[in-house]
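Chemist: let me see the structure of the following:
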Amino acid sequence: MTPEPKNPSSPPFPAKPRIHIICEGQTEEMFVNVVLRPHFDSFGTEVIPRILGAAGHQGGNVSYKRVMTDIRLLLQTDPFSWITTFIDFYGIYATFPGVREAKHHRTAQERFEIAVEAFLFQLAEDFQEKASRIIPYIQMHEFEGLLFSSPEDIAKGILQPHLWKKFAKILFEFESPEDINDSIETAPSKRILHIFRGYQKVLHGSIIARRTGLERIRSQCPLFNAWVETLEQIQA
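Modeler: Numbering: from 1, shown residues only. The predicted model follows:
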């Protein structure tokens, strides 16, 4: 009996777990490639960063509609994969599920729980059973918060080692790097720029992230660590 030909339009079932990470911008994409991808390679898991929205998007202006559009496309083109998000609370639209409510709370933990719960609820409504393959994550408050896991490495990464105490003083004011933000003017990246005007997000962010290393960041950032742990548990 002649076997039926395979449908060429059907994507293959992955031999190993495959995770698409929807990144807010180039900085997050860089972090996935430089820090997360090597880690997950050791687990036998493939991670694929995808910058949110159209080509050339530089970050910020994160609306739920844009995120949903990318998720829907990935679910259609690679239905056996997993999808997660790597977007900043700092740049998210006020109309994003849970954001208005989250901003009434003080700690990163409280804001994160409210925002992610609302995000999950909306995903379940929009994608039904397919939502089980979506793992929402919102970075508190922006990518540079992770870099404050090591003030020394920020200073060395920008070739200004004498500035490490200024970065350490900022971290000392908060419970964890994930709490660093008071307003638009004092987001983590703005704090770095205030100390060193030559800071470039992608270039210096890559250098600092490599120097700091994933384990140091995980030890200092519990919300980020919980996300990585969840991704580590994914199976094909």
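
Chemist: could you pull up the contacting residues of the residue nearest the centre of the chain?
Modeler: The geometric centre of the chain, computed from its C-alpha atoms, lies nearest to F86 (C-alpha atoms, centre = their mean), at 2.4 Å. Residues touching F86, when contacts are defined by C-beta atoms under 8 Å, 6 or more residues apart in numbering, comprise 21-24, 28, 31-32, 49, 137, 139. (Each C-beta comes from the backbone N, C-alpha and C, glycine too.)

Chemist: then I19?
Modeler: I19 makes contact with 40, 45-48, 81-84, 231, 234, according to C-beta under 8 Å, 6+ apart.

Chemist: switch to 7 Å and redo it
Modeler: Listed by C-beta atoms under 7 Å, 6 or more residues apart in numbering, the contact set of I19 reads 45, 47, 81-82, 84, 231, 234.

Chemist: A209 too?
Modeler: With contacts defined as C-beta under 7 Å, 6+ apart, the neighbours of A209 are 31, 34-35, 147.

Chemist: same question for I207.
Modeler: The neighbours of I207, taking C-beta under 7 Å, 6+ apart as the test, are G157.

Chemist: could I get the full set of strands for the protein?
Modeler: All strands of the chain, identified by DSSP state E, fall at 18-23, 46-51, 82-88, 134-135, 138-139.

Chemist: turn those into JSON lines, including mean pLDDT and distance to K166.
Modeler: Conversion of these to JSON lines gives the following (pLDDT from 0 to 100; distance: least, C-beta to C-beta, whole Å):
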{"stretch": "strand 18-23", "mean pLDDT": "97", "distance to K166": "29"}
{"stretch": "strand 46-51", "mean pLDDT": "96", "distance to K166": "31"}
{"stretch": "strand 82-88", "mean pLDDT": "96", "distance to K166": "23"}
{"stretch": "strand 134-135", "mean pLDDT": "97", "distance to K166": "36"}
{"stretch": "strand 138-139", "mean pLDDT": "94", "distance to K166": "23"}
